[in-house]
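Trainee: predicted model, plus sequence, below.
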Amino acid sequence: MPQYNDLFELSIEDMDLIEEAMRQAIAAKTHVAADETPQDRANREEFVRRMHELLGRLHDQKIFYRPKEGVYIGG
């Protein structure tokens, strides 16, 4: 059985692009179709929930730097 690559080399720009694409996919899925069935709605809500969870996991893996000296100005 093949093994998965657990070492990814993505740039900050790559991560920004992935996060933006995910946000656009979430936005596209939040529009309700007129002929949507209850199963369609459940599938759509599950997709959006999973996407938000993945965005959260990506955010949690970021390392935010603060200057060691001087005043930190957030933003």
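Mentor: That came in fine, so what should we check first? Here the structure is a predicted model, which means the values were calculated and not measured.

Trainee: what residues does the helix of greatest length in the chain touch?
Mentor: If you go by DSSP state H, the chain has its longest helix at helix 38-60. Helix 38-60 is contacted from outside by 15, 18, 19, 22, 23, 25, 26, 29, 30, 32, 33, 36, using C-beta atoms under 8 Å, 6 or more residues apart in numbering. Every C-beta, even on glycine, is put in place using the N, C-alpha and C of the backbone.

Trainee: list the buried residues in that helix.
Mentor: Buried residues in helix 38-60, counted by 16 or more other C-beta atoms under 10 Å: residue 44.

Trainee: low pLDDT regions in the protein?
Mentor: Across the chain, the ranges flagged by pLDDT under 70 are 74-75.

Trainee: tell me, what residue is most central in this protein?
Mentor: For the chain, the residue nearest the mean C-alpha position is residue 55 (2.5 Å; C-alpha atoms, centre = their mean).
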